[in-house]
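**Q** Dropping the sequence and predicted coords here.
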Amino acid sequence: MTTTPVAPPPDGSDEPAGSGDGGDDAGVVALQTTLAAEHAAVFVYGALGGQTSESGSPDLYAALTAAYAVHRTRRDDLMARLHATGAEPVAAEPGYGLPADLATPAAVTTRARELEESAAATYAYLVASTVDDARAWAIEALLDAAVRGLDFGARPDRLPGL
């Protein structure tokens, strides 16, 4: 089981790996990697939400609920993109590792921040590995993860995900 998926390093080439829309295996691999990360994010956000009190920490609970919904939508979008390529989307793992101590709002917030930072890195990999519509979609997702990370205490970064 993994705790946080990490994007594989780019191959070092200057050319985009592929469009992720059919004929290019590298683009499909990047989409699959990103989908695996989104499966994990959905699982982890579900667990984080279960550790948070809506009445005790309403702002944190709302941020976690919103993040869960966005990652679930992105997961579904990635599955649709992969189906459109004719590829079988990678399945979710049966479970993912969680930190032992999620008993405080601060611990939950830290884990959510780390999750968004990981998502940004994975989407940066997808940006580098795709072109056209898939790249535009990945850029939007990268920016969204970077901004959402700010809600959980991340520091602004000029080049998020890198």
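**A** Everything's here; your move. Numbering: from 1, shown residues only.
**Q** residue closest to the middle of the chain?
**A** Centroid check for the chain by C-alpha atoms, centre = their mean gives A119 as the closest residue, at 3.4 Å.
**Q** so that residue makes contact with H71?
**A** Yes: in this structure, A119 is within contact of H71 by C-beta atoms under 8 Å, at 7.5 Å. (Each C-beta comes from the backbone N, C-alpha and C, glycine too.)
**Q** Give me the common contacts of those two.
**A** Common neighbours of A119 and H71 (criterion: C-beta atoms under 8 Å, 6 or more residues apart in numbering): E38, A41.
**Q** where in the protein is pLDDT low?
**A** 1-24 (pLDDT under 70).
**Q** What helix or strand is G149 located in?
**A** Secondary structure assignment for G149, by DSSP states H and E: helix 132-151.
**Q** ok, and what's touching that helix?
**A** Helix 132-151 is contacted by residues 16, 19-21, 27, 31, 34, 63, 66-67, 70, 74, 77, 81, 113, 116-117, 119-120, 123-124, 126-127, 130, 154, 156-157, 160-161 when judged by C-beta under 8 Å, 6+ apart.
**Q** cutoff 6 Å now
**A** Applying C-beta atoms under 6 Å, 6 or more residues apart in numbering, the contact partners of helix 132-151 are 19-20, 63, 67, 74, 113, 116-117, 119-120, 123-124, 126-127, 130, 160-161.
**Q** what does stretch 44-53 give?
**A** Counting by C-beta under 6 Å, 6+ apart, residues outside stretch 44-53 touching it are L60, Y61, L64, A67, Y68, H71, L98, L102, V108, A112, L115.
**Q** Kindly report the same for stretch 60-76.
**A** With C-beta under 6 Å, 6+ apart, stretch 60-76 has contacts from E38, A41, V42, Y45, L48, G49, T52, E54, P105, A141, R148, D151.
**Q** Having no further points to raise, I will conclude here.
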